[in-house]
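Peer 1: The following comprises the amino acid sequence and a computationally predicted model.
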Amino acid sequence: MAAVVGRTALAVAVLAAWAALPASAAEPAQVVVELSPPERIGEVVKVQALDRSLPQKIVDKEVRIRAVEGRPAEGAPGKWLIAGLEPGRYDLCVETKQGKFEGYALRPKEQSDQALGAEDRGKIAGIFDGIKTYEDEKRILDLGGNGREALALVELIRRGGTSFKPGIVTWRVELWRFDKLYGVWRRGDPKVLRRFLVESAREFAAWNWNFVPELGGLDLKPGEKREVKWRIPDKFDPARGRAAGAAEEPPQPRAPDPEAKGK
């Protein structure tokens with residue numbers, strides 16, 4: 001009898017311990033990415049979920065991001081499964097034989113019923129232009145938000161090398177936050193998404209790396225199964241980041257996000 005009671009108590013303890021595990025450990029989320037068109041899916045070499053909830057680490061010449069690798073789904077051409085995801089915010093990255101497409105999201109923490117108007121955008125652009133940075137070139141790739149908080153996806157480039165190595169190119173892509181306090185916009189803390197030290201301008205000119213909002217901002221809950229459908233663009237757009245052999249072009253304005261007010 002004592003042995004039976006002991007085994008029962010042990011079983012209860014095991015179940016209690018399992019129930020006490022964080023939901024992320026008991027119920028991982030997963031994402032299925034369906035790519036098109038059919039004639040382009042053979043170009044895809046990698047699909048990843050980038051964990052944006054964790055601090056990024058600078059290692060050697062780049063900012064390392066925790067990436068969860070996906071795998072092709074069996075019997076479903078064009079579909080990639082990314083499993084075992086802890087709850088949190090992710091952006092997707094699709095790598096083809098020609099380059100990379102990386103997701104991002106411009107979602108303010110502050111809520112406001114006021115939209116980010118043309119006047120606000122102009123003032124933020126003026127602040128951005130007036131900020132001196134280490135880099136020689138800078139531009140806003142995208143800008144979104146509301147009347148209280150705005151987020152800008154910015155690209156920063158230094159082609160003049162460093163004191164340690166002339167000719168090296170510094171490339172950074174960051175999220176800059178702008179807050180409106182008492183009617184005045186001010187810049188907040190930036191977040192580095194990517195940072196690379198590229199050996200030469202020639203190598204940098206051959207890069208293809210675009211940032212696309214359609215692959216960004218996945219807030220995953222425990223056990224959630226999310227499906228994402230995305231069409232691979234015909235070519236890399238210089239207004240969205242790096243495009244090999246293309247002249248620099250100003251980014252095209254996007255329509256305001258109708259969900260930005262309530263986020």
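Peer 2: Sure thing, it's come through.

Peer 1: quick one: Lys132 is in a helix?
Peer 2: No - looking at Lys132 with DSSP: H, G, I helix; E, B strand; the rest coil, it is coil, so not inside a helix.

Peer 1: Determine the longest strand present in this structure.
Peer 2: Longest strand in the chain, counting residues (DSSP state E): strand 169-181.

Peer 1: What strands line up against that strand, and which way round?
Peer 2: Applying DSSP bridges, strand 169-181 is found paired with strand 149-158 (antiparallel), strand 184-187 (antiparallel), strand 191-198 (antiparallel).

Peer 1: pLDDT value on Thr133, please?
Peer 2: Listed pLDDT for Thr133 reads 86.

Peer 1: hang on, I meant Trp18
Peer 2: pLDDT, Trp18: 41.

Peer 1: before we move on, what about Gly245?
Peer 2: Looking at Gly245, its pLDDT stands at 78.

Peer 1: who's in contact with Asp237?
Peer 2: With contacts taken as C-beta atoms under 8 Å, 6 or more residues apart in numbering, Asp237 has the following neighbours: Asn210, Ala243. For glycine as for every other residue, the C-beta is placed from the backbone atoms N, C-alpha and C.

Peer 1: And the lowest mean pLDDT element among the helices and strands of this protein?
Peer 2: Sorting the helices and strands of the chain by mean pLDDT, DSSP states H and E puts helix 2-19 at the bottom, at a mean of 45.

Peer 1: any idea how far the spatially most central residue of the chain is from Glu137?
Peer 2: Geometric centre of the chain, nearest residue: Tyr104, 3.6 Å, by C-alpha atoms, centre = their mean. For Tyr104, the distance to Glu137 equals 20 Å [C-beta to C-beta, to the nearest Å].

Peer 1: Repeat that for Trp207.
Peer 2: For Trp207 relative to Glu137 (C-beta to C-beta), the value is 15 Å.

Peer 1: higher neighbour count, these two?
Peer 2: Set side by side, Trp207 and Glu137 show more neighbours around Trp207, with 17 against 12, by other C-beta atoms under 10 Å.

Peer 1: my read: the more buried one touches Arg242, true?
Peer 2: Yes - contact criterion C-beta atoms under 8 Å: Trp207 and Arg242 qualify, at 4.2 Å.
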